[in-house]
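Visitor: Using only what follows, build the 3D model:
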Amino acid sequence: MPRKSVTESLADENAAPGGVAAVDRALSLLAAFRDGDDALSLAELAERTRLYKSTALRLLASLEHAGWITRLDSGRFAIGPAAARLNAVYAQGFSLDRVVMPVLRALVTATGESAAYHVRQGRDRLCLYRVDSPHPVRDHARVGDLLPLGKGAGGRVLVAFDPELADWERRDRVHYARVRADGYEASVGDRHSEIAGISAPVFQPDGTLAAALTLTMPAHRYQERYVKDVLTAARDLGRRLH
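Guide: Numbers count the residues shown, from 1 in each chain. This next block holds a predicted model:
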């Protein structure tokens, strides 16, 4: 009878409900490769996936046959050309607006206020995407508007979390340190006396700053409870970026 592993493999530990165990295990071998890995030995792959070497070797043979893995002359294994082909297909079909807009719409539905996605453009911030509040009284920023850095919740978040803007931060070190500690900026009347905003950073998977996700409203409608909605939306959006 085959040996039963005392410790479950990573694939078995995180098995897809209703899925196929062999597929989960094969995918765990691909997922074992990390940034900076040119190639891995069978021992390294078995250690990272917690698979028996014999099991890993059989799965690697199938992955190699399909082009997902390449076996080098040294006996080590590298990611194969099929991964590059699939990445190219994904890149062609990826559209940032299909990722950002659903998150903005959900935030507007949850709060009733306007939501926007700002990116830095030189010494300004660009409103790249926006969904308006259904209320007739709202701020009237538009997609394509250039707004100042260092003013308004979104501008301050971009300054606080962008290391290239350290010279701007020096103007108010205490304030920006607090923004980083809190993980967001909330302000009333900063950019305009009648406008309030709550903004949180959106990070790429590698930890670099992608944008500021900002909720804006008339000052009299500001509610601190919206901070949680903004933080949740920013984290959700960050997970969707690739």
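Visitor: Please work out how many residues are found near residue 44.
Guide: Applying other C-beta atoms under 10 Å, we find 15 residues neighbouring residue 44. For the C-beta atoms, the positions are set from N, CA and C on the backbone; glycine is no exception.
Visitor: And for the one 3 residues further on?
Guide: Applying other C-beta under 10 Å, we find 14 other residues in the vicinity of residue 47.
Visitor: which stretch of helix or strand covers it?
Guide: Per DSSP states H and E, residue 47 falls inside helix 42-49.
Visitor: and that helix, C-alpha only, in PDB?
Guide: Extracted C-alpha coordinates of helix 42-49, given in PDB (Å, rounded to 0.1, in the frame of the first residue of the first chain):
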ATOM      1  CA  LEU A  42      13.500  18.500  -7.400                       C
ATOM      2  CA  ALA A  43      14.400  18.600  -3.700                       C
ATOM      3  CA  GLU A  44      13.600  22.300  -3.500                       C
ATOM      4  CA  LEU A  45      10.300  21.800  -5.200                       C
ATOM      5  CA  ALA A  46       9.400  18.900  -3.000                       C
ATOM      6  CA  GLU A  47      10.300  20.900   0.100                       C
ATOM      7  CA  ARG A  48       8.300  24.000  -0.900                       C
ATOM      8  CA  THR A  49       5.200  22.000  -1.900                       C
END
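Visitor: starting at the chain centroid, how far to it?
Guide: 28 Å (C-alpha atoms, centre = their mean, to the nearest Å).
Visitor: Repeat that for stretch 213-231.
Guide: 21 Å.
Visitor: Can you give the contact residues for that stretch?
Guide: Contact with stretch 213-231 is made by 103-104, 107, 110-111, 113-118, 133, 135, 137-139, 141, 152-154, 157, 183-184, 186, 188-189, 193-202, 233-234, 237, as judged by C-beta atoms under 8 Å, 6 or more residues apart in numbering.
Visitor: So for it, what gets flagged as buried?
Guide: For stretch 213-231, burial by neighbour count (16 or more other C-beta atoms under 10 Å) applies to 213-218, 221-222, 226-227, 229-231.
Visitor: Filter those down to the ones in strands?
Guide: Of these, the ones assigned to strands by DSSP state E are 213, 214, 215, 216, 217, 218.
Visitor: Between all of those residues, which two are separated the most?
Guide: By the measure C-beta to C-beta, 213 and 218 form the most distant pair in these, at 19.3 Å.
Visitor: if we can go back for a sec, now the buried residues of stretch 213-231 as CSV including pLDDT?
Guide: Listed next are these as CSV, based on pLDDT from 0 to 100:
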residue, pLDDT
213, 97
214, 96
215, 97
216, 94
217, 93
218, 93
221, 94
222, 92
226, 96
227, 96
229, 97
230, 97
231, 97
